[in-house]
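# take a look and give me a structure for this.
(2 chains)
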Amino acid sequence: MNRRGGFPLRGALLAAGAALLVMLAASWIMRPGGTGDVDAESSESPAFGDLVAFLAEPPEKGFAEVRPGQPIRFPRDHGAHPEFRQEWWYFTGQLHAANGRRFGYQLTFFRFAAGSMPEAPRSAWAADQSWMAHLAITDVSGGRFLRDEDFARGTLELAGATGEPFDVWVNGWSVRALPEVPGCAGCFRATLAASGEGMELALELDASHPPVLQGEAGYSVKSADGRVASYYYSMPGMATRGSLRLDGELHAVEGETWMDREWSSAVLSPGQSGWDWFSLNLDNGYKLMIFRVREDGSPDFLSASLLDPEGRQLGADSAGIILEPVDYWTSGETGIRYPMAWEISGVAPEGPWSLELGAVIPEQEMALAFRYYEGLVDVAGQWGSDPVGGWGYLELTGYSIP
Amino acid sequence: MGLVALALARDLLRKPWQLLLTILSITAGVTVVVGVDIANESALAEFRRAGDITAGQATHRLTGTTAGIPESLYRSVRVDAGIRLAAPVISAEVAMAGEPGQWTLIGVDPLSDFRLRGYRFGNGAGEESSTNAANQAWPLFVAAGLERESGDELTLESAGRRQSFNIAGELVVPGGDPGKLLVTDISWAQDFLAMQGRISHIDLRLSPDEAQRLQEMLPPEVRLIHLGVYDGAREDMSRAFRINLTALSLLALVVAMFLVYSAVSFQVARRRPLLGLLGALGVTPTGVAMLLLWELVVTGLLGTMLGIALGVFLAQYLTALVGGTIDALYHALAEPPPRLGGPTMVRALLVGVLATILSGLVPVLQASRESAVSLIRGSGESLGMGQHAGKLLPVSVVLCLPATLLLIWPGDSLVLPFAGLFLLICALSLLGPWLLRQAGNWSARHGGAGLVPKMALGNASRHLDRTGVAVVALAVAVSATLGVELMIRSFRHSVGDWLEHYLRADIYLAAEDAGDSALSENYIAALAAIPGVAQVAAGRRSTIATTSGPLTVFALDTPAEGFAGFRVIRQLEGNLRARFHEDGELLVTEPLARRLRLEPGDSITLPTDRGPRPFTVAAIYRDYSSDRGLVTMDWRTWRRHYDDHRRKSAALYLDAGVDTGDVMAKARASPGAPDALFLRANRELREASLAVFDQTFRITAVLRWLAVIVAVTGIVSALMALLLARRREFSMLTAIGFSRAQVGGLLLAEAGIAGLVAGLVAVPLGMLLSLALIRVINVRSFGWTMDILVDWELAAQSVLLALFAALVAALYPAWRMRPAEALEGLRDE
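Below you'll find the predicted structure:
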């Protein structure tokens, strides 16, 4: 057994190697963690997918259709319309603190009607409406953008909207009218409360001008063939004051809020990829609302409305309005490329106007369960023969990764 | 130096069997330690995971007493208090048609749940499904495996209700396997479980401020509990059990260390000529020692690695046992998969290598110090136990003192008494060699008996360093076996006794439908109406969530005869039955009294449906049904404070001479009987309970036998070493006419004597062990006291076991005693 001079090195090494392999094999088989840990970081928000894809689904049977000529009454129609498929209450605004700091904010409540269910459970938790809310604050001086979202099912008073009194809420976020007689039908004074990740808003909104019906008395079409439309009204120019807390720091603020309200059962027709929406508040008192629905292979559909300093609706010649994106920003988070600076021009009774608007900070993307861009913009340009400035909000939907 | 190392290594590998023996000795010990470690860690990890899966990121829970909480509370929490991280849950144990066991059905609101639990719902094609995809009726999300097996539908059962659910997709749970979890929307769960208006609890993630705010707005019957407490309670539950197991496994390691000692001594002894040669060639003693130590390290590493691999395989078996035991005692666990974690491997490596070095240290150091000449000659006996035999008795006695101190040190620690126990084992097992030496001396001084026995005794006594170690190892293994077995028998006897005393009724029944099933009042009335039934005592056992963990409350109305079944240990003065029945005072079990430090007369606050209420403890009684302990109250007391008056179990007291089987048949057939009815006659129930007991202790039986096997392996190597050391002697014997059989017989006789001595020492040691286990370890681990049973038959068996083991171990070495070896021994001369 002793090979001459042969130290059984190979044998020994083989034995040792075999033992090591056995041990390694055993430990690999038995490794903790098992197979495939689920990536838990995506539990930040349930992935509902793209807003536009959802909204472009053809209207299902069972939802009410939007028709021209339907009267919109206040305060009743401030409330929810559950027979329509979707609906929202959009609050955007600009706020200034005493120390000169400037903020933008957005609080939106969405309602979606669930599809018809074959059989409903005998339970108070059964809901045929689901609600979602978005909250965002733009800290201009700090160059930061915070956003958050919340969800609720539409039962057990967890979420809802009523017209009389005007009240809209999703869990703890709400806009509730104060109990007093309004100065006009549809006017109100309300408290707005919302607190999310690192931010808190407590504002009082004073809507002292009656709602502005968009389109034809609120019937707002979204495509040239008129097949898709919504009921749409706005309440710009609400005086706002209150407090804003950002990362522990409390600011007393005041400013102005623009509320947008829409409900419908379809928002886009097939082929339409998304829209760009602008709400602009100019120093000279004029307020401009423009939206453009983008369509592949067809001319975009554009609609606009103009309010004079007294709040009267002037005809806005949509055909004459030109929108030109001039600068883009690519989101690091989603990879989507958004146009956040624009040149727009048109013609008003005072004469032609041209404005340049740009996002105060580029990062104002709502990368939540639904992805879109909603940001505070600075406005500067010419109104007729006079220079003009202002602020506004820009909303971009349907842009995808290039 | 490299050349020297090579020389040593080559020599080592020339006789690979001996090397293998050393390696295997360590392997044996490490295998058991690793196996138990993995089993424990897996069970613990499973406990934690099961808790994490259901609680997720939640830090708190809003919970009620017996019937959940009102669903409107959720709105108060979310809308009024503005708490953002809150999720409502409806949860229940259900049964699945065609599958055994219980499943956990959880109804959640996905819109609020995702922040806390992070469950994902696939739609079967592996994609995410939106909340709208669960638009089909009765949607159910299940683990992937179950989804594959079951197809489209599953029928669930709870409390007599059956419902077919549609499998809507796969349930993906962060961090592992969903196991027996079934998830549906909270609305469907509420419908199925008929819990309209109520939910089970609300899970929350709260900052301390929010917790404070919430606390202030709660109705009295709702409690905000901190989930961390629950995790602790859950771990506590099995901690004692796991510590006991670890102690047993360490015992195996200690025995293994003895083996390594003898194996290494044997190795060293065999290589003495070579070592002497090296010394003569100029290698320093330190050099020799270092080389040998390095060999030890390598051997230790190899043995440990092999031990880890084998331990992993052993763990498969052990984990099933441990998990099964914990499952049986502490509630549903999915079967824990054994995991070899980093910490386990590191522990095993340290333990294995360290143990090898420690055990081999003494012979190595001794060999390195001997002179080259004596080594080559092989004439010297290695110094060791033989030389220090005189010190055995005093050392043993001295060690007993700290051992006893550790055992009786007051407090709750389990580690101290176990340490004391090990010390005691070490101390008293040293009496074995001492006894052997005394016996040898005695036989040398007195005549009598034949030549062979006298020689055997003399030899055994003289070669104490070999035989002594074998005796100690065997004594330790056998005494441990005896001690644990005595404890288990005492325990079983006490349990049997308790059952007999406690189960006074003739027939016991309980509603066994899955979920929250109960015996209807109509049914209970029908039972009372059965001819032959003298009395029906009905009650319920509920688990109530308190801020310091779950508490079991047993509420029953029992006749005087049944009340006499409580084996009261301490009580307040006066009529106990009146205190219980009229004054609403409580009886608590020993484990609970110990855990909460209660004495009769103390007050305990329990959460009730009217808010927290103080109750007086009237007595403490002995009860083995749960180591968490329980509180027993009269049914009237329960009714006063709690709203759920459904009774879940009943006991029937029959008139004299009535046929039990007849009444049982009538009970099953009575109107209102639940579909699944647990129905047992008194004796059946007792036997079934004892069967559970036996099943629980199966694992200790396995470990005990492992310890014995380890000991026997060691004795083989000890005797082999003996053989080698006494080659010259045996060859002389052969030369003067002893036949091979006689020499073999001599060896067997020596082994037999060693075994006998080991057995004799093992008996008192084992008894002391069982005393320590019963009086200290068991009481601190589980809170139970029990009567001590002395089983002399078992003691005698242990002596025989030691003897037999030693003889079996001696067979191989005796057979190896060949003439060629004898001549070789002579040649040296």
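# and the top strand by length along chain A, anywhere near chain B?
When chain A is parsed with DSSP state E, its longest strand is strand A:229-246. No. Using Cβ under 8 Å from any Cβ of the partner chain, we find that strand A:229-246 stays clear of chain B, coming within 13.4 Å at best. Backbone N, C-alpha and C define where each C-beta goes, glycine included.
# following element in sequence after that strand, please.
strand A:249-264 (DSSP states H and E).
# and that next one, what's buried?
Neighbour-count burial for strand A:249-264, counted by 16 or more other Cβ atoms under 10 Å in any protein chain shown, picks out A:His251, A:Val253, A:Gly255, A:Glu256, A:Thr257, A:Trp258, A:Met259, A:Asp260, A:Arg261, A:Glu262, A:Trp263, A:Ser264.
# turn those residues into CSV, columns for distance to B:Thr27 and pLDDT.
CSV is the format used below for the buried residues of strand A:249-264 (distance: Cβ to Cβ, whole Å; pLDDT from 0 to 100):
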residue, distance to B:Thr27, pLDDT
A:His251, 70, 93
A:Val253, 74, 96
A:Gly255, 77, 96
A:Glu256, 80, 96
A:Thr257, 77, 96
A:Trp258, 78, 96
A:Met259, 77, 96
A:Asp260, 76, 95
A:Arg261, 77, 95
A:Glu262, 75, 94
A:Trp263, 76, 93
A:Ser264, 75, 91
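# so how far is the longest strand of chain A off the chain centroid?
13 Å (Cα atoms, centre = their mean, to the nearest Å).
# related to what we said a few turns ago, let me know the closest of the buried residues of strand A:249-264 to A:Glu356.
Distance to A:Glu356 across the buried residues of strand A:249-264 (Cβ to Cβ) is lowest for A:Trp258, with 19.9 Å.
# the closest one: what's it in contact with?
A:Phe91, A:Thr92, A:Gly93, A:Ser234, A:Met235, A:Pro236, A:Gly237, A:Met238, A:Ser279, A:Asn281, A:Tyr393 (Cβ atoms under 8 Å, 6 or more residues apart in numbering or on different chains).
# 10 Å instead?
The contact partners of A:Trp258, by Cβ atoms under 10 Å, 6 or more residues apart in numbering or on different chains, come to A:90-94, A:234-238, A:279-281, A:287, A:289, A:392-393.
# tell me how many other residues crowd A:Tyr90.
A:Tyr90 is flanked by 21 other residues according to other Cβ atoms under 10 Å in any protein chain shown.
# pLDDT score assigned to it?
Note for A:Tyr90: predicted pLDDT of 95.
# tell me the contacts of the residue lying closest to it once chain neighbours are set aside?
Excluding its sequence neighbours, the residue lying closest to A:Tyr90 (Cβ to Cβ, 6 or more residues apart in numbering or on different chains) is A:Asp260, at 4.0 Å. Listed by Cβ under 10 Å, 6+ apart, the contact set of A:Asp260 reads A:88-92, A:108, A:214, A:232-236, A:277, A:279, A:289, A:291, A:393, A:395.
# ok, so what distance separates the closest residue to B:Met96 other than its chain neighbours from B:Leu596?
With Cβ to Cβ, 6+ apart as the criterion, B:Met96 has its nearest non-adjacent residue at 5.4 Å, and that residue is B:Trp103. Going from B:Trp103 to B:Leu596 by Cβ to Cβ, to the nearest Å gives 33 Å.
# between these two, which is the more surrounded one?
Using other Cβ under 10 Å, the more surrounded residue of B:Trp103 and B:Leu596 is B:Trp103, with 22 against 15.
# go ahead and confirm that one touches B:Thr184.
No. Taking Cβ atoms under 10 Å as the contact criterion, B:Trp103 and B:Thr184 are not neighbours in contact, 11.8 Å apart.
# shared neighbours of these two, which are they?
B:Val142, B:Leu156.
# if we can go back for a sec, tilt between the longest strand of chain A and strand A:249-264?
When axes from the mean of the first three to the mean of the last three Cα atoms, to 10 degrees is applied, the directions of strand A:229-246 and strand A:249-264 differ by 170 degrees.
# now strand A:229-246: buried residues?
Quick answer for strand A:229-246 (16+ other Cβ under 10 Å): A:229-238, A:240, A:242, A:244, A:246.
# of the buried residues of strand A:249-264, which is the nearest to chain B?
Each of the buried residues of strand A:249-264 was scored against chain B by Cβ to the nearest Cβ, and A:Ser264 proved nearest at 18.0 Å.
# what's near enough to touch that closest one?
A:55, A:59, A:63-66, A:81, A:84-88, A:220, A:222, A:228-232.
# switch the cut-off to 7 Å
A:Val66, A:Phe84, A:Arg85, A:Gln86, A:Ala229, A:Ser230, A:Tyr231 (Cβ atoms under 7 Å, 6 or more residues apart in numbering or on different chains).
# the first one against A:Ser230, yeah?
Which is A:Val66. Yes. At 5.7 Å, A:Val66 counts as touching A:Ser230 under the criterion of Cβ atoms under 7 Å.
# in the stretch 301-402 of chain A, where is pLDDT below threshold?
Applying pLDDT under 70 to the stretch 301-402 of chain A flags the ranges A:316, A:401-402.
# where does it get nearest to chain B, residue-wise?
A:Ala369 (9.6 Å).
# was I right to think that residue contacts A:Asp150?
No. At 10.4 Å, A:Ala369 does not count as touching A:Asp150 under the criterion of Cβ under 7 Å.
# could you check which of those two has the larger neighbour count?
Comparing A:Ala369 with A:Asp150 by other Cβ under 10 Å, the one with more neighbours is A:Asp150, at 22 against 19.
# where does B:Leu358 land in three-state SS?
On the three-state scheme (DSSP: H, G, I helix; E, B strand; the rest coil), B:Leu358 is labelled helix.
# setting aside sequence neighbours, what's the nearest residue to it?
B:Leu358's closest residue in space is B:Met257 (Cβ to Cβ, 6+ apart), at 6.8 Å.
# I'd like to know how many residues surround the one you found.
Counted by other Cβ under 10 Å, the residues lying close to B:Met257 total 21.
# same check on the one 4 residues further on?
A count of neighbours around B:Tyr261, defined by other Cβ under 10 Å, yields 27.
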